[in-house]
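# From the sequence below, what's the structure:
(one chain, ligands or ions: 1)
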Amino acid sequence: MSAPALLSCRGLEAGYGASQVLFGIDFDIREGEVVTLLGRNGMGKSTTIKTLVGSLAPQGGDIHFTGKSTLGMRPDAIARLGMAIVPEGRQCFPNLSVREHLVAFADNRNGRKDEWTLDRIYGLFPRLKERAQNLGNQLSGGEQQMLAIGRALSTNPRLLILDEATEGLAPVIRDEIWRCLTQLKAAGQTTLIVDKYVERLVEFADRHVILERGNVVWTGSSPDLAADRSLWTRYMGV
Ligand SMILES: Nc1ncnc2c1ncn2[C@@H]1O[C@H](COP(=O)(O)OP(=O)(O)OP(=O)(O)O)[C@@H](O)[C@H]1O
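Reported below is the predicted structural model:
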């Protein structure tokens, strides 16, 4: 019997004013899974994430996280349940040091046993340890991305959400981020990823949810997605 879902979306509808973008999204993420949201530009991936983290109110349907409905909850309350997002654009603080970023939000309120301590985060990203005293605005794009992931991990999230985490990075830095995400998966970190690099995602994600015009048009495992290139062409334009 499979474990109950950590996150569950049912009939999720959302949009911006009169313009509806999501038309009844259903998907689950179980503890320890790495799940991706895929689809071409403008299909509703970021909108789905905004509704999950509470920055956009759903217009219909329901979201359950850790067994509780998050409808009507503010983003900070959802974060306290154990959801952490690494937003598109990283959003580091220019005048806080790397170390300050990693301790300012550190928390283990959900009592995670294999806690993400400062040393453990430095172990995952040795570059951040070297740059511990540097300010946010002194970091390269890749370092800022590592810091954004490290900062999210310092809250010991039950669900880590990465929105375009490798966007705009040099290939060598992108590889570094993929290496870390693979280590996070091995450590059992439940993760939801939006990214364009399907080739890399099928290597280590467990399941994929493809969106097309605000609807889920396919869900399946990495082997299933790897085996059917017509899905890549039809829904991702690759
Ligand atoms: N703040 C906003 N106000 C109005 N419309 C928006 C807003 N943000 C996104 N949209 C529209 O919602 C639709 C879905 O956008 P969304 O950002 O969710 O897509 P996406 O799948 O994440 O694609 P991308 O990779 O381009 O971000 C698009 O038509 C987009 O123009």
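# What is the burial count for Q91?
When neighbours are counted by other C-beta atoms under 10 Å, Q91 registers 12. (Each C-beta comes from the backbone N, C-alpha and C, glycine too.)
# OK, contacts around the residue nearest to it when sequence neighbours are not counted?
Spatially, and ignoring its direct neighbours in sequence, Q91 is nearest to A148 (6.8 Å; C-beta to C-beta, 6 or more residues apart in numbering). By C-beta atoms under 8 Å, 6 or more residues apart in numbering, the residues touching A148 are V86, P87, R90, Q91, C92, A165.
# quick one: the helices in this protein?
45-53, 75-81, 98-104, 118-124, 126-130, 141-153, 171-186, 198-204, 222-227, 229-231 (DSSP state H).
# excluding its backbone neighbours, what's nearest R74?
G54 (5.9 Å).
# roughly how far apart are the residue nearest in space to the middle of the chain and F204?
In the chain, the residue lying closest to the centroid (C-alpha atoms, centre = their mean) is I161, at 1.7 Å. I161 is 16 Å from F204, where distance means C-beta to C-beta, to the nearest Å.
# Kindly report the same for R151.
22 Å.
# So for these two, which sits in the more crowded spot?
The neighbour comparison of R151 against F204 (other C-beta under 10 Å) goes to R151, with 25 against 18.
# Verify the stated contact: M236 with G39.
Yes - M236 lies in contact with G39 (C-beta atoms under 8 Å); the separation is 6.8 Å.
# Pick out whichever of these two has more residues nearby.
G39 (25 against 16).
# contacting residues around that one?
K45, I210, L211, E212, Y235, M236.
# Contact partners for the last one?
By C-beta under 8 Å, 6+ apart, the contact set of M236 is L38, G39, R40, K196, V198, I210.
# for the first one, same thing?
Taking C-beta under 8 Å, 6+ apart as the definition of contact, the neighbours of K45 are L37, L38, G39, D163, V194, L211.
# Columns distance to the ligand and pLDDT on top of these, output as JSON lines?
Listed next are these as JSON lines, based on distance: C-beta to the nearest ligand atom, whole Å; pLDDT from 0 to 100:
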{"residue": "L37", "distance to the ligand": "8", "pLDDT": "97"}
{"residue": "L38", "distance to the ligand": "9", "pLDDT": "96"}
{"residue": "G39", "distance to the ligand": "5", "pLDDT": "95"}
{"residue": "D163", "distance to the ligand": "8", "pLDDT": "91"}
{"residue": "V194", "distance to the ligand": "7", "pLDDT": "93"}
{"residue": "L211", "distance to the ligand": "6", "pLDDT": "97"}
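# Reformat the residues you listed as CSV; add distance to I173.
CSV is the format used below for the contacts of K45 (distance: C-beta to C-beta, whole Å):
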residue, distance to I173
L37, 22
L38, 22
G39, 25
D163, 17
V194, 18
L211, 27
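# Give me the subset of the residues you listed lying in strands.
Mapping the contacts of K45 onto strands (DSSP state E) picks out L37, L38, D163, V194, L211.
# Would you reformat the residues you listed as JSON lines and include neighbour count?
Formatted as JSON lines, the ones in strands among the contacts of K45 follow (neighbours: other C-beta atoms under 10 Å):
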{"residue": "L37", "neighbour count": "24"}
{"residue": "L38", "neighbour count": "27"}
{"residue": "D163", "neighbour count": "21"}
{"residue": "V194", "neighbour count": "21"}
{"residue": "L211", "neighbour count": "25"}
